[in-house]
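J.: Need coordinates for the below:
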Amino acid sequence: MIRIYSEQSAPDGNPFQVVELSNANGMCVKLTDWGATWLTCRLPVAGRLRDVILGCETLVQHSEQGAYLGATIGRFANRIANAAFNLNGKRYLLDANQQQQHQLHGGTDAFDKRRWQISAQGDDYVEFGLLSADGDQGFPGNLHAKVRYRLRQDNALAIEFEARSDRDTPLNLTNHAYFNLDGESADQTVLQHRLRIAADHYLPVDAAGIPNAPLREVEKGGFDFRHAKVIAQDFLSDSDQQAVSGYDHAFLLNAPGLHAKAQVELQSSNGDLRLKIVTDQPAIQVYSGNFLAGTPNRSGGVYANHAGVALETQSLPDTPNHPEWFQYGGISKAGELYRKTTVFLFQAS
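T.: From the prediction side, this is the model:
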């Protein structure tokens, strides 16, 4: 069902469009064409509906906040160092929207700040489309992108990305939802959630989030989530975390693919709700909401730091400047179909 919020205008002066999807179990998600954004995710837990992703009280607030809540991120998620890269013998200069030096999440006027077109819809899905022209934020190639949200009867939301460019280009699409399985209005942070990540390696970064070392083994360190543990257990226990005030790092997944076993699992603090993530993306960025403080929430107040954790499936950050990581994706060839899927499956106890 599509609802037109005519009383609230988006930054382009036209009303937001909101799509609601629901299943037979009572799970309901809301999405908007502004930024192809995942707005809400309500599902029954212990007989009551619980919203498990962060969001704002109004759509206007949502379009203005700077935490990328639930947004589709592109053309390249995460950072590109010094807002520049070389490709096919040519130097490309990008919009520098982080500290006027680096590019973050595609630039100042990136995919999260655009109106996407509703290109297809059905009872259980909606598809948004966007054209990113050659030179957009400095990137080469005319890129046609699509994102399809599909709500399944097993309480899973599948997010399917497709894109094609007429020139070789960096390409790395993701969704930036923040999860709090205790409920987005919970007083406590997500640091008491349990997290498991099937990853033997993570990527160190400097204080700006720019990779500054090769992939590093997680064994015997604060980045070892191969067995589920409370996020707080090793929080800020090492210099890699301290540089960015917590977790804001990419983990290279051991076995990406849309198989039965989840690569990532998140569990609420009391164990009554579990999120399983299955993806064919090569990596996942885990961001523990280190700078969420002051972001508007749904109750007229603001979120505190660590109110939610973003689990962003994607390629490795700054891949355009690291040919050794091209094997993991991040560069799309001219005419090549980019297709990536991530499934978020919620299971109540």
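
J.: which residue ranges form the strands in the stretch 1-150 of the chain?
T.: 2-9, 15-22, 28-32, 37-45, 48-51, 72-73, 79-80, 84-87, 90-93, 103-104, 117-121, 125-132, 143-151 (DSSP state E, counting those that start in this stretch).

J.: Tell me which of the ones you listed sits nearest to residue 291.
T.: When the strands of the stretch 1-150 of the chain are compared by Cβ to Cβ, strand 103-104 sits nearest residue 291, at 12.0 Å. In short, each C-beta sits where N, CA and C put it, glycine included.

J.: which stretches of the stretch 151-300 of the chain form helices?
T.: 239-242 (DSSP state H, counting those that start in this stretch).

J.: Nearest to residue 274 among the strands of the stretch 1-150 of the chain would be which one?
T.: Ranking those by their distance to residue 274 (criterion: Cβ to Cβ) puts strand 37-45 first, at 10.5 Å.

J.: picking up where we left off before, can you redo the strands of the stretch 1-150 of the chain as CSV with distance to residue 204?
T.: As requested, the strands of the stretch 1-150 of the chain are arranged in CSV below (distance: least, Cβ to Cβ, whole Å):
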stretch, distance to residue 204
strand 2-9, 42
strand 15-22, 39
strand 28-32, 35
strand 37-45, 29
strand 48-51, 34
strand 72-73, 22
strand 79-80, 13
strand 84-87, 20
strand 90-93, 25
strand 103-104, 18
strand 117-121, 39
strand 125-132, 31
strand 143-151, 30
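
J.: closest one to residue 234 among those strands?
T.: Comparing those under Cβ to Cβ, the one sitting nearest is strand 79-80, at 23.6 Å.

J.: In terms of secondary structure, what does the closest one contact?
T.: Under the contact criterion of 3 or more Cβ pairs under 8 Å, 6 or more residues apart in numbering; DSSP states H and E, strand 79-80 touches strand 103-104.

J.: tell me what the strand it packs on is packed against?
T.: Against strand 103-104 (3+ Cβ pairs under 8 Å, 6+ apart) you get strand 79-80.

J.: Quick check: which of the strands of the stretch 1-150 of the chain is nearest to residue 187?
T.: Of all the strands of the stretch 1-150 of the chain, strand 48-51 comes closest under Cβ to Cβ, at 14.3 Å.

J.: Just the buried positions in that closest one, please.
T.: Neighbour-count burial for strand 48-51, counted by 16 or more other Cβ atoms under 10 Å, picks out 50, 51.

J.: Check which strands are paired with it and give the direction for each one.
T.: Strand 48-51 has its sheet partners listed here by DSSP bridges as strand 37-45 (antiparallel).

J.: Report the buried residues of the strand it pairs with.
T.: Within strand 37-45, the residues scored as buried using 16+ other Cβ under 10 Å are 37, 38, 39, 40, 41, 42, 43, 45.

J.: give me the number of residues near residue 194?
T.: 19 (other Cβ atoms under 10 Å).

J.: partners of it in the sheet?
T.: When bridges are called by DSSP bridges, residue 194 pairs up with residue 230, residue 267.

J.: Could I get the pLDDT score of it?
T.: On the pLDDT scale, residue 194 is placed at 98.

J.: what does residue 2 give?
T.: pLDDT at residue 2 comes out at 69.

J.: Same check on residue 263?
T.: Model confidence at residue 263, given as pLDDT, is 98.

J.: nearest residue to the residue nearest the centre of the chain other than its sequence neighbours?
T.: Nearest to the geometric centre of the chain sits residue 176, at 2.5 Å (Cα atoms, centre = their mean). Nearest non-adjacent residue to residue 176, counting by Cβ to Cβ, 6 or more residues apart in numbering: residue 68, 4.0 Å away.

J.: still on that earlier bit, what's the residue nearest to the centre of the chain in contact with, if anything?
T.: Applying Cβ atoms under 8 Å, 6 or more residues apart in numbering, we find residue 176 in contact with 68, 69, 70, 71, 72, 73, 77, 105, 112, 310, 312.
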